[in-house]
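Student: here's a sequence, model it:
(one chain, ligands or ions: 2)
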Amino acid sequence: MTVFQVVQVTDTHLSRNRGYFYDNWRVFLADMRANPPDLIVHSGDLSLRGTDDSDDLAFARAELDKLPCPVLVMPGNHDIGDTPPDARLQRPLSDERRRNWRSFVGPEWDYRDLGAGESGWRIVGVNAQLFDSGFADEAEQLAWLEEVFASSAGRNLALFLHKPLFYAASDEPALGLSCLFPMGRAKLLALCRSHGVQLIGSGHLHVYRAFAEDGMQMVWAPATAFINSKEKSLPPVEGLQRRAGYVRYRLDGSSATHEFIEPDLFLSLDVRNWSRATGSTVYLPPKPLAHAEILS
Ligand SMILES: [Fe+2]
Ligand SMILES: [Fe+2]
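Tutor: Ligands and ions are numbered 1, 2, ... in the order given. Prediction:
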């Protein structure tokens, strides 16, 4: 039986003009080149401020193209804006931002198949910010997802999206922009349950956590870019690890296991001072990467 290796990387926050978070990315790229998986999933916040600067998206796409294996990438709030009205960063999802993502990076939702039949896997990525956004194609994405789940021909199913579905409980009210809002979450959870989705991987919170919900494995992948220690008003949950890293999955038949990887050369960059001073890493001043720093 074939065993598939899938790596989930997230929240890389790449930018040529604000190159604060390139060091861990270089280490990640070297790790992938030394030990390439069958697929790399990037669960969004690929860029630092793709919402304002298309060059962040172009630069990040060029970085993804350096990876030695197929990549499935989906947008995060730093790439295309957050679910409207985006009370936090005032960068709501817009047609223009979504168009930029599609022209510089790729589709907003997509999937890859690994193998076939009962030992195969269908790995699906969707646009988390589109849920409860009011955009016309929110329904289109959901219909596409249902079709992709239904046509998996017996493959096991894994879903990735930028935001976790919920924080502490699947019936909790909206907790700001940290997770999906309740309506979209309920629709997505019902769809995942009815199709037997085994694994849901997300990013966005810049922490690692893994737990089971109703037979589904929920994995919050840690960021490569930075950790944010500023306390948010979120309910306490068990097993949070606030460190930089990435996740390596082993898909063996219908079993999915994973490991939280912290490469020796990774730094868990704590940006709480920057966040206190500016409100968000989005407002960091320019710090262009020197040409020699960019890995070829
Ligand atoms: Fe992020
Ligand atoms: Fe995010």
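
Student: up against ligand 2, what does the stretch 101-250 of the chain have?
Tutor: Taking CB under 5 Å from the ion, the part of the stretch 101-250 of the chain that reaches ligand 2 is made up of residue 204. No exception for glycine: its C-beta is placed from N, CA and C like everyone else's.

Student: so where do the helices sit in the stretch 51-200 of the chain?
Tutor: 54-64, 77-80, 95-104, 138-150, 182-194 (DSSP state H, counting those that start in this stretch).

Student: out of those helices, which comes closest to residue 263?
Tutor: With respect to residue 263, and counting by CB to CB, the nearest of the helices of the stretch 51-200 of the chain is helix 54-64 at 16.7 Å.

Student: correct me, but residue 288 touches residue 19?
Tutor: Yes. Between residue 288 and residue 19 there is a contact under CB atoms under 8 Å: 6.4 Å.

Student: where does the protein dip in pLDDT?
Tutor: Low-confidence regions of the chain, defined here as pLDDT under 70, cover residues 230-231.

Student: find the residue at the geometric middle of it.
Tutor: Residue closest to the mean C-alpha point of the chain, counted by CA atoms, centre = their mean, is residue 43 at 1.9 Å.

Student: now do it against residue 201, distance only.
Tutor: Taken as CB to CB, to the nearest Å, the spacing of residue 43 relative to residue 201 amounts to 6 Å.

Student: which neighbours do these two share?
Tutor: Listed as contacting both residue 43 and residue 201 by CB atoms under 8 Å, 6 or more residues apart in numbering are 8, 160, 221.

Student: narrow these to those in strands?
Tutor: Applying DSSP state E to the shared contacts of residue 43 and residue 201, the entries found in strands are 8, 160.

Student: endpoint to endpoint, stretch 88-101 covers what distance?
Tutor: As for stretch 88-101, its first-to-last residue distance stands at 21 Å under the measure CA to CA, to the nearest Å.

Student: other residues contacting it?
Tutor: Contact partners of stretch 88-101, identified using CB under 8 Å, 6+ apart, comprise 50-52, 54, 57, 75, 77, 79-86, 108, 129-130, 133, 135, 176-177, 280, 282.

Student: now do the buried residues in that stretch.
Tutor: 89, 91, 92, 93, 97, 98, 100, 101 (16 or more other CB atoms under 10 Å).

Student: ok now stretch 59-76, how far from the chain's centre?
Tutor: Here stretch 59-76 shows a centroid-to-chain-centroid distance of 12 Å under the convention CA atoms, centre = their mean, to the nearest Å.

Student: now do stretch 154-171
Tutor: From the chain centre to the centre of stretch 154-171 is a distance of 11 Å (CA atoms, centre = their mean).

Student: give me the buried positions along it.
Tutor: Across stretch 154-171, burial judged by 16+ other CB under 10 Å covers 155-167.

Student: now, among the residues you listed, which is nearest to ligand 2?
Tutor: In terms of CB to the ion, no member of those lies closer to ligand 2 than residue 162, at 5.8 Å.

Student: check contacts around the closest residue to the closest one other than its chain neighbours.
Tutor: Taking CB to CB, 6 or more residues apart in numbering as the measure, residue 162 lies nearest to residue 44, with 3.4 Å between them; neighbours along the chain are not counted. Residues near residue 44 by CB under 8 Å, 6+ apart: 10-11, 73-79, 128, 161-162, 203-204.

Student: can you tell me the SS state at residue 44?
Tutor: Following DSSP: H, G, I helix; E, B strand; the rest coil, residue 44 is assigned to coil.

Student: before we move on, back to that, among the helices of the stretch 51-200 of the chain, which is the most enclosed?
Tutor: Stretch with highest mean neighbour count among the helices of the stretch 51-200 of the chain: helix 77-80 (a mean of 29; mean count of other CB atoms under 10 Å).

Student: I appreciate the help and will end here.
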